[in-house]
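*Asks:* coordinates for the following, if possible.
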Amino acid sequence: MSLRLAIAAAALALTLGACSRAGELDPAGGIRVARSACPAAGVPAYTGDVTLFDPPQSRDARAIDVTATITNLRLTCDDTAEGPEVAATVTFDVLARRRDATAPRQVVLPYFVTVMRGGNVVYSKRVSRVAIDFAAGQDRAQTSAQGSATITRSAATLPENVRAQILKKRKAGREDAAVDPMSEPGVRSAVARASFELLVGFQLTPDQLQYNATR
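*Replies:* As a prediction, this is how the structure comes out:
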């Protein structure tokens, strides 16, 4: 599985989840739309942890040198602020463990911050690095990192005609009363295009990604 496919799979799950919440029936006969211009946040499958080996080409458990995991993902975003863009920041912790705790050591790991649109389109991507410092005699270490992204507000806003179609009141007995507007391809497509996800994970090599996916 490629890193792009892993990201797309996780993002699609987030998008479909958002769509189901947006499709709740309103007591007045329309469909309740509770959505935000802020992105959902998550860690794509197989990218939330990394394993370093020594020697690098080995995959023996006895050769595991350092392991690290992304956890405590937190999103900060305010879609009520004025302006043409919506700013989002994600913070997270990195927990690491090493085999040899004899001397102090710093391990630097690359990670990505990707914005996905509609579950399968990369809107933006940035690669950064996080440094983990092990003290002498300590086999565990922890640090924090963050990433940020901006999304064009108009891109994350449903067109008025789509909103009107979703919010349209439906009277019992009429032909359209039993039709969920989210089942219509045009509406689902518009909701998907206006849905964004802010995804964070380790920037893995193909071998590292394969190891995570098959272990």
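
*Asks:* C-alpha from now on. contacts and neighbour counts both.
*Replies:* Noted.

*Asks:* could you name the helices and strands sitting against the helix or strand hosting residue 65?
*Replies:* Assigned by DSSP states H and E, residue 65 belongs to strand 64-77. If contacts are counted by 3 or more CA pairs under 8 Å, 6 or more residues apart in numbering; DSSP states H and E, strand 64-77 sits against strand 40-42, strand 49-53, strand 85-98.

*Asks:* secondary structure of residue 158: a helix, I assume?
*Replies:* No - read with DSSP: H, G, I helix; E, B strand; the rest coil, residue 158 is coil and lies in no helix.

*Asks:* burial count for it?
*Replies:* 19 (other CA atoms under 10 Å).

*Asks:* pretty sure it is touching residue 192, no?
*Replies:* No - assessed by CA atoms under 8 Å, residue 158 is found out of contact with residue 192, at 9.6 Å.

*Asks:* how about the strand holding residue 65: buried residues?
*Replies:* The neighbour-count check on strand 64-77 (16 or more other CA atoms under 10 Å) flags 64, 65, 66, 67, 68, 69, 70, 73, 75, 77 as buried.

*Asks:* so for it, mean pLDDT?
*Replies:* Mean per-residue pLDDT for strand 64-77: 97.

*Asks:* same check, this time on stretch 155-174
*Replies:* For stretch 155-174, the per-residue pLDDT averages 70.

*Asks:* next one: stretch 133-147
*Replies:* Averaged over stretch 133-147, pLDDT sits at 98.

*Asks:* now, which of the buried residues of strand 64-77 sits nearest residue 154?
*Replies:* Here the nearest of the buried residues of strand 64-77 to residue 154, counting by CA to CA, is residue 77; it sits at 16.1 Å.

*Asks:* for that closest one, which non-adjacent residue is closest in space?
*Replies:* Closest residue to residue 77 apart from its sequence neighbours, by CA to CA, 6 or more residues apart in numbering: residue 88 at 4.6 Å.

*Asks:* quick one: low-confidence ranges for the protein?
*Replies:* 1-35, 164, 167-183, 185-186 (pLDDT under 70).

*Asks:* for it, just list every one of the strands.
*Replies:* 24-25, 31-32, 40-42, 49-53, 64-77, 85-98, 105-117, 121-134, 140-152, 196-202 (DSSP state E).

*Asks:* and the contacts of the fifth one?
*Replies:* Around strand 64-77, the neighbours that count as contacts under CA atoms under 8 Å, 6 or more residues apart in numbering are 38, 41-42, 48-54, 86-100, 201.

*Asks:* mark which of these are buried, thanks.
*Replies:* Buried by 16+ other CA under 10 Å: 38, 41-42, 48-53, 86-99, 201, out of the contacts of strand 64-77.

*Asks:* okay if I get the strands of the chain as TSV plus distance to residue 166?
*Replies:* Listed next are the strands of the chain as TSV, based on distance: least, CA to CA, whole Å:
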stretch	distance to residue 166
strand 24-25	10
strand 31-32	6
strand 40-42	21
strand 49-53	40
strand 64-77	25
strand 85-98	24
strand 105-117	21
strand 121-134	24
strand 140-152	22
strand 196-202	19
